[in-house]
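> The sequence and its predicted three-dimensional model are supplied below.
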Amino acid sequence: MSGNKLAMLIGQGASSDDIAVFLDGQDRSSRLATVRGLPGRCLGQLYDLVEGATMDLDHFVPTQVGEGAAVRHLGVNSLPLFRQFEKRFVRASGGDQLWGYNHQAMGWLTGPGYFGIRQPAASEALCIDYHSVPAATPVEGWPRVRSNERFPDRLVYGFMRDHMRRVSQHVSIGQAEKKGSLMDTWFALVRIDTPTGGGE
């Protein structure tokens, strides 16, 4: 299985270039199956292997995507349960910031987990920031905006940032930080290059 091939590359300590070439050589469905097939332990190893791999806003919402169009990133995390999820991103007016939220089955309980992303400086890592939420719903059909510091939302998203690194053209990986402390929790995202309406 292709997922095992990626896990093997990670276990062998393959270079970030070799991992990117492998993932870029797959079609969309194979790439998603590969990444979502990774055991949780591999995600932390992959994060370490791509240390120093910076990224910008265009990774999440490519410049050619029309204004107001949402871009889906399907994800997998290192937790033992509820491993699969999705993040949706849209470029804010002005183009120097993204808004997004977590689209997942437990959203009715945990909240949508809105976040903002600003373009990082050249020497900075890109962060998904749950302290930053839009003032109003940025895309028609997206959930109502809620603060991540309210209960029960804060149990999952409160006081959190995700430090992101580029893996390949469509794949990124992040490590969660809560209240300023890095957590032993990682996740990978696979961009689906089909912009959608908010309610899809």
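Yep, it's here.

> which residues touch the closest residue in space to G13 that isn't next to it in sequence?
Using CB to CB, 6 or more residues apart in numbering and skipping the chain neighbours, the partner closest in space to G13 is L49 (6.9 Å). Where C-beta positions appear, they are placed from N, C-alpha and C, glycine not excepted. Listed by CB atoms under 8 Å, 6 or more residues apart in numbering, the contact set of L49 reads I10, G13, A14, S15, S16, I19.

> Check L6 too.
Residues near L6 by CB under 8 Å, 6+ apart: I19, F22, L23, T34, V35, G37, L38, C42.

> One more pass at 10 Å, please.
L6 sits next to 14, 19, 22-23, 26, 31, 34-35, 37-38, 42, 46, 167, 171 when contact means CB atoms under 10 Å, 6 or more residues apart in numbering.

> and if you look at G11?
Per CB under 10 Å, 6+ apart, neighbours of G11: N4, P39, R41, C42, Q45.

> Which pair of the residues you listed spans the longest distance?
Farthest pair in the contacts of G11 (CB to CB) is N4 and Q45. Separation: 14.5 Å.

> quick one: the helices in the protein?
Using DSSP state H, the helices found in the chain span residues 2-11, 16-24, 28-36, 40-49, 57-60, 107-110.

> all strands for the protein, in order.
Taking DSSP state E, the strands of the chain run over residues 70-77, 84-91, 97-103, 115-118, 126-129, 160-166, 171-178, 181-196.

> Distance to E140 and mean neighbour count for those - can I get that in CSV?
Shown next, in CSV, are the strands of the chain (distance: least, CB to CB, whole Å; neighbours: other CB atoms under 10 Å):
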stretch, distance to E140, mean neighbour count
strand 70-77, 10, 21
strand 84-91, 11, 20
strand 97-103, 13, 22
strand 115-118, 19, 20
strand 126-129, 23, 20
strand 160-166, 26, 20
strand 171-178, 26, 21
strand 181-196, 12, 17
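
> need the least confident one among those strands, by mean pLDDT.
Ranked by mean pLDDT, these bottom out at strand 181-196, with a mean of 90.

> Name every strand pairing with that strand and say which way it goes.
Taking DSSP bridges as the criterion, strand 181-196 forms sheet pairs with strand 70-77 (antiparallel), strand 171-178 (antiparallel).

> Tabulate these in TSV, adding columns for distance to V145.
Shown next, in TSV, are those (distance: least, CB to CB, whole Å):
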stretch	distance to V145
strand 70-77	15
strand 171-178	21
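
> quick one, which of these is nearest to P143?
Of all those, strand 70-77 comes closest under CB to CB, at 12.3 Å.

> what angle sits between the closest one and helix 28-36?
40 degrees (axes from the mean of the first three to the mean of the last three CA atoms, to 10 degrees).

> Report the distance from strand 70-77 to the chain centre.
Put simply, strand 70-77 sits 6 Å off its chain's centre (CA atoms, centre = their mean, to the nearest Å).

> Using CSV, write out every CA atom in it.
Once non-C-alpha atoms are left out, strand 70-77 reads as follows in CSV (Å, rounded to 0.1, in the frame of the first residue of the first chain):
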residue,chain,number,x,y,z
ALA,A,70,-13.4,27.9,-0.1
VAL,A,71,-10.5,25.4,-0.4
ARG,A,72,-10.7,22.1,1.4
HIS,A,73,-7.8,20.4,3.2
LEU,A,74,-8.5,16.9,4.4
GLY,A,75,-6.6,15.8,7.5
VAL,A,76,-5.5,13.1,9.8
ASN,A,77,-4.2,13.5,13.3
